[in-house]
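> sequence and predicted model, in that order:
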Number of protein chains: 2
Amino acid sequence: MLYAGFMSAVPPPLPTPQEPVDHPELLQLGPALEADEPCLRADAARNRARLLEAAARLVAERGADAVTMEAVAAAACVGKGTVFRRFGDRTGLLTALLDHSERKFQAAFLTGPPPLGPGAPPAERLRAFGRASLRRSADELELQLAAEPDAGRRFVAPPRRVLQHHVAMLLRQAVPEADCELLAHTLMGQLDPALIHHLTRQCGLPLSRLEAAWTDLVDRVTGTGAGS
Amino acid sequence: MLYAGFMSAVPPPLPTPQEPVDHPELLQLGPALEADEPCLRADAARNRARLLEAAARLVAERGADAVTMEAVAAAACVGKGTVFRRFGDRTGLLTALLDHSERKFQAAFLTGPPPLGPGAPPAERLRAFGRASLRRSADELELQLAAEPDAGRRFVAPPRRVLQHHVAMLLRQAVPEADCELLAHTLMGQLDPALIHHLTRQCGLPLSRLEAAWTDLVDRVTGTGAGS
DNA sequence: TCCTAACCGGACCGCGGTCCAGTTTTGTTC
DNA sequence: GAACAAAACTGGACCGCGGTCCGGTTAGGA
């Protein structure tokens, strides 16, 4: 398990320290997070570059589906084992391909100019963050999807659609002026089994906290509760 | 591609028609949706039952990972091709295993007693829906996760965590009283590449609508906008 | 009884992922 | 600078599983 050099949380050495910064802890975390690609043996580094280049070429010429671990290895004149040693698995390779744009995006909201970067009021920054993220995803959709296997099917499964439909209907009754279909997707996101698993099993949160968060979310979205 | 009998939107013949009902269209859609399992040849139906039983036994005895298509076929004394013909693919098989509880849940919120079923005010029903859904998922987590491959990794990937962290921080500034970590997950859900793909490519929504929905969501959650 | 359509099973394929024997690089010692 | 040892990297054989295919079989209607 290597997961070589995905990303780093900060760009280079951070130019002027008197700029506003949100996440001082990331400045230490950053180097630790990327501490897997730095000291590569010369041949390893060369092969890594060749693999990334070959993968990018495959994506461009024949689409993300053609990015087979074997194909990439062959195109880079390298053994299959090398690809896995370097990138861990297919997702790791695809993620590494996205790394460049990822870093740019992170730099933009961590240390860039407002409204995305520090300086603007938080709600304003949130709006900008969503816009930027949506645009970026729209650009690199193919890669992003390929990096997350089976992504296309999650929203098409019949059971999901029934629940989705139901929530949208309730929302139409509660907040007729909103875009209830999309809002329903958002709410459903909080009930996603994968998220529940992550929060309760991997992070150790009690189920009661998820329930409370759901109630609070409904309050906020419908404007029903005590808050604001 | 068969995707045999996942689910149906309604329980049996719907007892008393004067009960309140939310989704009259589902009453017609229901039979159409499940119209793949009804007229099975005798041997096919028998094999289907044996396969489901074998799969359930495997899950119980050796965990969801052990539910290999080959293993299920062998345990049911049936050829591998039969499993695929019946359930389409692995996800289809797992979904079929969840079908029973799915139907019960659907019946509960479509035609059951309030506050889950019709009769209560919509916001109240939404709250009940979330609670019920969370509990159900917690029970059948293993199967639900197995049915959605790779689910565990979606929230652990380093890039995702950086974004998540950032959004949580902005939320803490904007709405200090909320559970910002969970709220951040919710917001991020609307930026999920898989969702973007589904909405723009499969449903044909323009990106601008997603952007508007995001802005609206931020307004609702932070209480910033004009609404309420 | 016969015909046809549906079904069955297992051989087959491709890909993701593992493993290990052999090779190359790097650091050390003389 | 040469020789050596340890660590790191390499590549391709190998495995298991999801998914496809097709010749043979069987159920059900006429």
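Arrived safely.
> from here on, contacts and neighbour counts on C-alpha atoms
Will do.
> contact residues of chain A facing DNA strand D?
A:40-41, A:43-45, A:47, A:77-82, A:85-86 (C-alpha under 7 Å from any atom of the strand).
> repeat that with 6 Å
Counting by C-alpha under 6 Å from any atom of the strand, the residues of chain A lying close to DNA strand D are A:Leu40, A:Arg41, A:Asp43, A:Ala44, A:Asn47, A:Val78, A:Gly79, A:Lys80, A:Gly81, A:Thr82.
> what's the neighbour count on A:Met69?
Other residues near A:Met69 come to 20 when the count uses other C-alpha atoms under 10 Å in any protein chain shown.
> pretty sure it sits against A:Thr82.
No: at 9.9 Å, A:Met69 does not count as touching A:Thr82 under the criterion of C-alpha atoms under 8 Å.
> after the worst-scoring helix or strand of chain A on mean pLDDT, which helix or strand is next?
Between all helices and strands in chain A, the lowest mean by mean pLDDT, DSSP states H and E belongs to helix A:24-33, at a mean of 46. The C-terminal neighbour of helix A:24-33 among helices and strands, as given by DSSP states H and E, is helix A:42-62.
> do that next one and DNA strand C meet?
Yes: looking at helix A:42-62 against DNA strand C by C-alpha under 6 Å from any atom of the strand, the contacts come from A:Ala42, A:Asp43.
> in that helix, what's buried?
By neighbour count, with 16 or more other C-alpha atoms under 10 Å in any protein chain shown as the criterion, the buried positions of helix A:42-62 are A:Asn47, A:Arg48, A:Arg50, A:Leu51, A:Leu52, A:Glu53, A:Ala54, A:Ala55, A:Ala56, A:Leu58, A:Val59.
> tell me which other helices or strands that helix touches.
Based on contacts counted as 3 or more C-alpha pairs under 8 Å, 6 or more residues apart in numbering or on different chains; DSSP states H and E, the elements that helix A:42-62 packs against are helix A:69-75, helix A:90-111.
> quick one: those helices as TSV, columns for mean pLDDT and distance to B:Ala107 too.
As requested, the helices and strands packed on helix A:42-62 are exported to TSV (pLDDT from 0 to 100; distance: least, C-alpha to C-alpha, whole Å):
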stretch	mean pLDDT	distance to B:Ala107
helix A:69-75	92	45
helix A:90-111	93	39
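> can you add distance to DNA strand C and give those helices back as JSON lines?
Putting the helices and strands packed on helix A:42-62 into JSON lines (distance: least, C-alpha to the nearest atom of the strand, whole Å) gives the following:
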{"stretch": "helix A:69-75", "distance to DNA strand C": "4"}
{"stretch": "helix A:90-111", "distance to DNA strand C": "4"}
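> any chance of those helices in TSV with distance to B:Gly92 as columns?
Below are these laid out as TSV (distance: least, C-alpha to C-alpha, whole Å):
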stretch	distance to B:Gly92
helix A:69-75	27
helix A:90-111	23
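> of those, which is nearest chain B?
helix A:90-111 (7.4 Å; C-alpha to the nearest C-alpha).
> does any bit of the helix or strand following that closest one sit next to chain B?
Moving toward the C-terminus from helix A:90-111, the first helix or strand encountered (DSSP H and E) is helix A:122-139. Yes: between helix A:122-139 and chain B, judged by C-alpha under 8 Å from any C-alpha of the partner chain, the touching residues are A:Pro122, A:Ala123, A:Arg125, A:Leu126, A:Arg127, A:Gly130, A:Arg131, A:Ser133, A:Leu134, A:Ser137, A:Ala138.
> among the residues of chain A next to DNA strand D, which one sits closest to A:Ala64?
Each of those was scored against A:Ala64 by C-alpha to C-alpha, and A:Lys80 proved nearest at 18.0 Å.
> low pLDDT regions in chain A?
Counting by pLDDT under 70, the low-confidence segments of chain A come to A:1-21, A:23-38, A:225-228.
> repeat the analysis, applying 90 as the threshold.
Residue ranges of chain A with pLDDT under 90: A:1-47, A:76-81, A:114-115, A:148-153, A:157-159, A:223-228.
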